[in-house]
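Novice: sequence plus predicted model, see below.
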Amino acid sequence: MKKIIMGCLCFLGYVKGAAQEIQSFDQKINSGFKNMTDWFVDAIFAEIPITSQVGIPWVLVVLLLGASYFTIYFKGINFRSFWTSIQIIRGKYDALEDSETLQVSESVQTTNGDQPDTARVEGEIGEVSHFQALTAALSATVGLGNIAGVAIALSIGGAGATFWMILVGFLGMASKFVECTLGVAYREVTEDGTVYGGPMYYLSKGLREKGFSKLGKVLAAIFAIMCVGGSFGGGNMFQANQAFKLFEHVTGGENSLFYGKGWLFGLIMAILVAIVIIGGIKKIARVTDKIVPAMVVVYVLAVITIIVINYQIVPEAFISIIDGAFSAKGIAGGMVGVMIQGFRRAAFSNEAGIGSASIAHAAVKTKYAASEGLVALLEPFIDTVVICTMTALVLIITGQINVGAEISDEQGVLLTANALESGISWFPYLLSFAVILFAFSSMISWSYYGYQAWSYLFGRKKYVAYIYKTIFCICVIIGSAASLTAVTDFSDAMIFSMLVPNIIGLFMLTPKVATELKKYKNAIANSN
């Protein structure tokens, strides 16, 4: 026992020393990495000039055009089928799944790249419920973007950015429907019932059906590579870093026991993350279906409290949102600038069109692909239309927005903390707790996304999984201890580069989604 304790102490000492060394080389690493990757980041976030003052990132244009196209193609499914989505979550149509024994033959990709094997799975297909799949996907999108990102958007574009943020949230619901329907339609199920799904599979298998086998393989590989990189950075290191910064701030700043000890915070988070992700999607879903409702309720209750305390100002806040959306002269380039800030925040927050969420939704227990697509369209509504809008309202009514000021993510979080503190002094501590939950849930969900992409590239052996999960947990410690902004910028660019292969696949496979939707609608009609 003594040897074990000594071994643990030596390990902690090594980790601390390594973290301090990482901190001492932060600037060198950051500068070197920045020089190597600037070209890629600049290419992904390159702006198309709209006015002399304002430009819009081309990735945002692609996402908006895609969301608008899917909304029109499916005749406003984001609005028409909203209640149906709620009913699916409530279990109204569960009988459709139980009406007969599910027997399928799924092609399962081998790890050596040979021709697919065929596995027969009898019984219920999938690993998680509709609700668990939704919370697992939400845990990856509901995070610091809803808190810090909204503050940044409003600081640049003013209150009017909120209106355009809501609009994009509604449009994004259609994109989520399409990609998550495809995620289920083309998933693969192994003999032990483990599900593998996401853009890697519907790009390779779906485009092969259309006679574009080589294109599908290339697009799937590109997506998988970008997804792995994004999971280590934006889905991990950034989350850990920002959670630590706020935790350090609310526990005393320079007087905090954790001041300068990001490695220790990261080590604790890494252990908690490891405990969850080793269990796979079932364990992740069991955690997220409790954490996501809890963290949303905690945050929303705090926000509602501030809104109720300042209820007399709420009408003025809505008026400023509408006025600012259409008549924001001189603010970030006028109305166009305000519009772009709203578009940018909404798209970057809910990730509709990126394809990542379809990986989590593919694991659902269902035989109707469109049923999960309908569930998924609730994501942008919850993430952007509800949570981002409530954050914006609190920032507006408490006067925290200084239009024209450029702020960082950390400063954005502190603005929201100050807004909550204006109502009740201890609310920043509640926000800190919520942010840590947001970061933790984002990390465990992105670990699943990254592993699914990793397994597509390198195979499904256990040691392959352990290699990925070990690297992921190490990145949690590095992310907390270091401030590698160039690394997170690069990983964010990788996340948004995922949209290129994904959107191509979504456009080409839209008729397949229409077929799946018709099949599910007919099943509902016949059950009545």
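Specialist: Arrived safely.
Novice: look at Thr92 and give its secondary structure.
Specialist: To be clear, residue 92 is Lys; Thr isn't right here. coil (DSSP: H, G, I helix; E, B strand; the rest coil).
Novice: what's around it, how many residues?
Specialist: Residues within reach of Lys92, counting by other C-beta atoms under 10 Å, total 13. For the C-beta atoms, the positions are set from N, CA and C on the backbone; glycine is no exception.
Novice: can you list contacts of stretch 302-320?
Specialist: 159-160, 390-391, 393-394, 396-398, 419-420, 422-424, 427, 430-431, 434 (C-beta atoms under 8 Å, 6 or more residues apart in numbering).
Novice: kindly give a single ChimeraX line that selects the buried subset of the residues you listed.
Specialist: The following ChimeraX line selects those of the contacts of stretch 302-320 that are buried, judged by 16 or more other C-beta atoms under 10 Å:
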select :159,160,390,391,393,394,396,397,398,419,420,422,423,427,430,431,434
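Novice: extract the C-alpha trace of whatever helix or strand Ile89 lives in and format it as CSV.
Specialist: Assigned by DSSP states H and E, Ile89 belongs to helix 82-90. Extracted in CSV, the C-alpha atoms of helix 82-90 (Å, rounded to 0.1, in the frame of the first residue of the first chain):
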residue,chain,number,x,y,z
PHE,A,82,-42.1,20.9,-33.8
TRP,A,83,-45.0,19.4,-31.8
THR,A,84,-44.3,15.9,-33.4
SER,A,85,-40.8,16.2,-32.1
ILE,A,86,-42.0,16.9,-28.6
GLN,A,87,-44.4,13.9,-28.8
ILE,A,88,-41.5,11.6,-29.8
ILE,A,89,-39.5,12.7,-26.8
ARG,A,90,-42.5,12.1,-24.6
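Novice: what does that helix rub up against?
Specialist: 93, 130-131, 134, 371, 374-375, 377-378, 381, 524.
Novice: farthest-separated two in the residues you listed?
Specialist: Phe381 and Ile524 (20.9 Å; C-beta to C-beta).
Novice: who's more crowded, these two?
Specialist: Phe381 (20 against 16).
Novice: am I right that the more buried one is in contact with Met173?
Specialist: Yes. With contact defined as C-beta atoms under 8 Å, Phe381 reaches Met173; the gap is 6.0 Å.
Novice: average pLDDT across stretch 431-445?
Specialist: Averaged over stretch 431-445, pLDDT sits at 79.
Novice: ignore the last one, stretch 216-228
Specialist: On average, stretch 216-228 scores 92.
Novice: from the chain's centre, how far out does it sit?
Specialist: 18 Å (C-alpha atoms, centre = their mean, to the nearest Å).
Novice: buried set for it?
Specialist: 216, 219-228.
Novice: how about stretch 66-83?
Specialist: For stretch 66-83, by 16+ other C-beta under 10 Å, it's 66-67, 69-71, 73-74, 77-78, 81-82.
Novice: start and end of it, how far apart?
Specialist: End-to-end distance for stretch 66-83, by C-alpha to C-alpha, to the nearest Å: 23 Å.
Novice: kindly report the same for stretch 134-148.
Specialist: End-to-end distance (C-alpha to C-alpha), stretch 134-148: 23 Å.
Novice: quick check: Ile399 is in a strand.
Specialist: Not quite, residue 399 is Gly, not Ile. No. Gly399 is assigned coil when assessed by three-state DSSP, not a strand.
Novice: per-residue pLDDT, it?
Specialist: pLDDT at Gly399 comes out at 78.
Novice: now Ala370
Specialist: At Ala370, pLDDT is 87.
Novice: and what of Tyr456?
Specialist: 90.
Novice: what is the burial count for it?
Specialist: 25.
Novice: for the helix or strand hosting it, list every residue counted as buried.
Specialist: Using DSSP H and E, Tyr456 falls within helix 427-458. Applying a neighbour-count criterion of 16+ other C-beta under 10 Å, one finds 427-428, 430-456 buried in helix 427-458.
Novice: where do the helices sit along the stretch 201-350 of the chain?
Specialist: 213-232, 238-250, 262-277, 280-309, 314-327, 335-350 (DSSP state H, counting those that start in this stretch).
Novice: highest average neighbour count across these?
Specialist: Of these, the one with the most neighbours on average (mean count of other C-beta atoms under 10 Å) is helix 335-350, at a mean of 26.
Novice: still on that earlier bit, lowest-confidence stretch among the helices of the stretch 201-350 of the chain?
Specialist: Taking the mean pLDDT of the helices of the stretch 201-350 of the chain, helix 335-350 comes last: a mean of 57.
Novice: in this structure Ile401 contacts Leu154, no?
Specialist: Yes. Under the criterion of C-beta under 8 Å, Ile401 makes contact with Leu154 at 4.8 Å.
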